[in-house]
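**Student:** Here you go, sequence then predicted model.
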Amino acid sequence: MGSLLFRRRLSRTLVPGWSDNADFSRSSWQLKFGTSYGVYQCLRKLSSSTGAKKFDFTDLTRPHTWYPNARRKRRNVILHVGPTNSGKTYHALKRLESSSSGIYCGPLRLLAWEVAQRLNKAKVPCDLITGQEREEVDGAKHRAVTVEMADVTSDYNCAVVDEIQMLGCRTRGFSFTRALLGISADELHLCGDAAAVPLIQELLKVTDDNVKVQYYERLSPLIPLKVPLGSFSNIRTGDCIVTFSRYEIYNIKKRIENGRNHLCSVVYGSLPPETRTRQATMFNDESSDFDVLVASDAIGMGLNLNISRIIFSTLRKFDGVEMRELSVSEIKQIAGRAGRYRSKFPVGEVTCLDPDDIPLLLSSLSSPSPIIEASGTFSNFDLLFMYSRLHPNYGIHQILEHFVENAKLSEKYFIADCEQMLKVAAVIDELPLSLNDKYLFTVSSVDMDDDISSQGLTQFAQSYCKNGIVRLKEIFTPGTLKVPKSHKALKELESIHKVLDLYVWLSFHMEDSFPDRELAASQKAICSMIIEEFLGRDGWQKPNLRKLRHSPLKSLSG
Ligand SMILES: Nc1ncnc2c1ncn2[C@@H]1O[C@H](COP(=O)(O)OP(=O)(O)OP(=O)(O)O)[C@@H](O)[C@H]1O
Ligand SMILES: [Mg+2]
């Protein structure tokens, strides 16, 4: 029991949103109040200090009070806002680089990776921390993290939250809100779209922070073209074709490579993150033969790639619920990847494949993004736990559902969409696990819309429930991964990667119960290498592309 408790306590500190309030964090509640009664006492204390007669655990109307560490400071908040490619992140990072300690929180692993690289190169030791990675550097006082991993219990000299307009995102917005309200830093730099300014000013009225807005202008031109691409034979070096289905990505890659002038890197959401990074690096590298990029909106935020022209293959995408038109801000974000300042192509262009899309493209690029009205929020584990005590017969699915239905919110907040969590909860409720354990599986990084991943989660949870320890070899035989021969096999491999990734995630949160992190990580690496081998083989292979670029074919394809 003792070791089990100890294990849980270690885990809690690593789960985003598990126990954010310093009163409940490892330093106090875990040591002072090892029991749920302790949490209850703590919450009671909190309730009396807020003057409420009876604590309502579904009351989320004062989320700024969940972060006493940040509230002890009067933070200097600097909002860096403006169009894409205007130097917002650059200026915030300059401050981060010169600070004595700091944290960068970005929406994508690729961005966190880019920042960690940049700081380490500038001799500022910087850790990289994402749900599945801990790359620790000796002596680091800086860390680059994905926003879900933002640490709200330490003090920093400087913090940067990038793409802050994402606080309006239906599913991930609450993590941005948590970083905005919860990070304890003397200086907090927020970079993003001006559409978020009024909301942030409103949210920070109650925090007593100093708020300053710095506006930026685009550093290099982005030219919207009035003519569509016409044909794939008009593709040229530095082009990036954006499309939203995996099938279309490979279809377009094939069509371009069949023209025998270009090789395409691909970047899309379900590719392993390390593969995405390498594909992007290969495209960015002038000495590589991969000179065209075919990508989904996974490249849409903040990234600095050597793109000369963005070509939208469509302006519609399936968002998990329905097919819809891209929003003005999505179009601007994606288009903004072309012509980055100080890149190989300092003047960017943007166009479409389909002539019918041109009017929407032009009007979106010339419109301001609509003002963001509300910020995401969600309960942390402690509140869910206390709520569950009032409903002892509920499973975690019912607790979440009821909590979401009954949550009381201030006008400027909305409750996060927890569809994925509910899907996991429905599976996990079948097992006799504690609420702690159920919560952990529920907030894990699993993609429940992927059959193989959801089966992986179920097997991990069943095995954990039965044995208390999950060996990777129970569900995965190392040494059996093969280079896929078809797109179906590729998709399967991507899913296997996700399952291995989930194991690594669980190993960071339940170290003793998921002891094979290294094996899972090495198999993950093999998996992504095999996927890359497929990506290399899949297209047209011409050993000496450079020679060909000087052939008549090149000028014909212009
Ligand atoms: N003053 C500067 N000196 C040198 N390089 C700069 C300067 N300002 C910006 N850059 C470079 O220009 C590029 C774009 O800047 P940055 O990434 O900060 O833009 P951004 O406004 O954050 O764009 P996005 O909205 O797409 O995130 C980066 O490669 C950055 O390093
Ligand atoms: Mg940026």
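**Tutor:** All right, it came through fine. As the structure is a computational prediction, the values presented were derived from the model and not from experiment. Ligands and ions are numbered 1, 2, ... in the order given.

**Student:** Now do stretch 173-187, average pLDDT.
**Tutor:** Over the span of stretch 173-187, the pLDDT mean works out to 98.

**Student:** Just the buried residues of that stretch, please?
**Tutor:** Neighbour counts over stretch 173-187 (16 or more other CB atoms under 10 Å) mark 173-187 as buried. Backbone N, C-alpha and C define where each C-beta goes, glycine included.

**Student:** from the middle of its chain, how far away would that stretch be?
**Tutor:** 15 Å (CA atoms, centre = their mean, to the nearest Å).

**Student:** ditto for stretch 464-475
**Tutor:** Relative to the mean C-alpha coordinate of its chain, stretch 464-475 is positioned 28 Å out (CA atoms, centre = their mean).

**Student:** what do you get for stretch 183-195?
**Tutor:** 17 Å.

**Student:** give me the low-pLDDT residue ranges for the stretch 51-200 of the chain?
**Tutor:** Along the stretch 51-200 of the chain, the parts satisfying pLDDT under 70 run over 51-54.

**Student:** What parts of it come near ligand 1?
**Tutor:** When proximity is defined as CB under 6 Å from any ligand atom, the stretch 51-200 of the chain approaches ligand 1 at T84, N85, S86, G87, K88, T89, Y90, C191.

**Student:** Show me the domain layout of the protein.
**Tutor:** 56-215, 222-365 (automatic domain parsing).

**Student:** how far does the longest one stretch from start to finish?
**Tutor:** This points to domain 56-215. 41 Å (CA to CA, to the nearest Å).

**Student:** Go through the residues of the stretch 51-200 of the chain next to ligand 1 and flag which are in strands.
**Tutor:** In this view, those that belong to strands under DSSP state E are C191.

**Student:** Pull the number of nearby residues for the residue in the chain that ligand 2 sits nearest to.
**Tutor:** Proximity to ligand 2, evaluated over the chain using CB to the ion, is greatest for T89 at 3.2 Å. Taking other CB atoms under 10 Å as the criterion, the count of residues near T89 is 24.

**Student:** Hmm, G336 and it touching each other?
**Tutor:** No - at 11.9 Å, T89 and G336 do not qualify as touching, with contact defined as CB atoms under 8 Å.

**Student:** Tell me where the model's unsure across the stretch 401-550 of the chain.
**Tutor:** Along the stretch 401-550 of the chain, the parts satisfying pLDDT under 70 run over 538-550.

**Student:** at 50 instead, please
**Tutor:** Across the stretch 401-550 of the chain, residues meeting the criterion (pLDDT under 50) sit at 540-550.

**Student:** now the strands: where do they sit in it?
**Tutor:** 413-415 (DSSP state E, counting those that start in this stretch).

**Student:** quick one: which of the buried residues of stretch 173-187 sit in strands?
**Tutor:** Filtering the buried residues of stretch 173-187 for membership in strands, criterion DSSP E, returns S184, A185, D186, E187.

**Student:** Was I right to think the second one contacts I103?
**Tutor:** Yes - contact status for A185 versus I103: in contact at 7.4 Å, counting by CB under 8 Å.

**Student:** Can you report how many residues lie near the closest residue to the residue of the chain closest to ligand 2 other than its chain neighbours?
**Tutor:** Spatial nearest neighbour of T89, chain neighbours left out: C191 (5.1 Å); criterion: CB to CB, 6 or more residues apart in numbering. With neighbours defined by other CB under 10 Å, the count for C191 comes to 27.

**Student:** Next: V321.
**Tutor:** If you count neighbours by other CB under 10 Å, V321 ends up with 9.

**Student:** Check whether L472 really touches L519, as I assumed.
**Tutor:** Yes - the pair L472 and L519 qualifies as a contact (CB under 8 Å) at a distance of 5.3 Å.

**Student:** Overlap of the contact sets of those two?
**Tutor:** Contact criterion CB atoms under 8 Å, 6 or more residues apart in numbering; residues shared by L472 and L519: P478.

**Student:** Neighbour count for these two, which is higher?
**Tutor:** More crowded of L472 and L519, by other CB under 10 Å: L472, with 22 against 18.

**Student:** just to revisit the earlier point, output the ones in strands among the buried residues of stretch 173-187 in TSV; the columns should cover distance to C527.
**Tutor:** Converted to TSV, those look like this (distance: CB to CB, whole Å):
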residue	distance to C527
S184	38
A185	37
D186	42
E187	40
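
**Student:** so where do the strands sit in the stretch 51-200 of the chain?
**Tutor:** Residue ranges of the strands in the stretch 51-200 of the chain, as given by DSSP E, counting those that start in this stretch, are 76-81, 102-106, 126-130, 133-135, 142-146, 155-161, 184-192.

**Student:** Point out the most buried one among the ones you listed.
**Tutor:** Ranked by average neighbour count under the criterion mean count of other CB atoms under 10 Å, the strands of the stretch 51-200 of the chain are headed by strand 102-106 at a mean of 28.

**Student:** quick one: that strand to strand 142-146, angle?
**Tutor:** Going by axes from the mean of the first three to the mean of the last three CA atoms, to 10 degrees, strand 102-106 is angled at 20 degrees with respect to strand 142-146.

**Student:** heads up, I number from 686, so please use that
**Tutor:** Sure, I'll start counting at 686 from here, so that last one is strand 787-791.

**Student:** Sheet-wise, list the partners of strand 787-791 with their directions.
**Tutor:** Within its sheet, strand 787-791 is paired with strand 827-831 (parallel), strand 840-846 (parallel), according to DSSP bridges.

**Student:** Provide a list of residues in contact with the nearest residue to A777 once chain neighbours are set aside.
**Tutor:** Computed as CB to CB, 6+ apart, the closest residue to A777 that is not its neighbour in sequence is H874, at 3.8 Å. Residues near H874 by CB under 8 Å, 6+ apart: V762, I763, H765, H776, A777, R780, L781, C843, A844, V845, V846.

**Student:** Not counting its neighbours along the chain, what's nearest E1218?
**Tutor:** Computed as CB to CB, 6+ apart, the closest residue to E1218 that is not its neighbour in sequence is V1168, at 5.1 Å.

**Student:** ugh, wrong one, T831
**Tutor:** Closest residue in space to T831, ignoring its immediate chain neighbours: T815 at 4.6 Å, by CB to CB, 6+ apart.

**Student:** which ones are touching the one you found?
**Tutor:** Counting by CB under 8 Å, 6+ apart, T815 touches R794, A797, V830, T831, M834, P958.

**Student:** Just give me how far stretch 944-952 sits from the chain centre.
**Tutor:** 27 Å.

**Student:** Now that stretch: average pLDDT?
**Tutor:** Mean pLDDT, taken over the full extent of stretch 944-952, equals 93.

**Student:** Any idea how far apart the tips of that stretch sit?
**Tutor:** With CA to CA applied, stretch 944-952 spans 20 Å between its terminal residues.

**Student:** buried residues in it?
**Tutor:** Within stretch 944-952, the residues that qualify as buried by neighbour count (16+ other CB under 10 Å) are G944, N946, H947, L948, C949, S950, V951, V952.

**Student:** what's the burial count for the closest residue to the third one other than its chain neighbours?
**Tutor:** Right, H947. Using CB to CB, 6+ apart and skipping the chain neighbours, the partner closest in space to H947 is V977 (4.5 Å). Applying the criterion other CB under 10 Å, we find 25 residues in the vicinity of V977.

**Student:** On the three-state scheme, V977 is what?
**Tutor:** Assigned with DSSP: H, G, I helix; E, B strand; the rest coil, V977 falls in the strand class.

**Student:** I'd like to know the beta-bridge partner residues of it.
**Tutor:** Under the criterion used (DSSP bridges), V977 bridges to C949.
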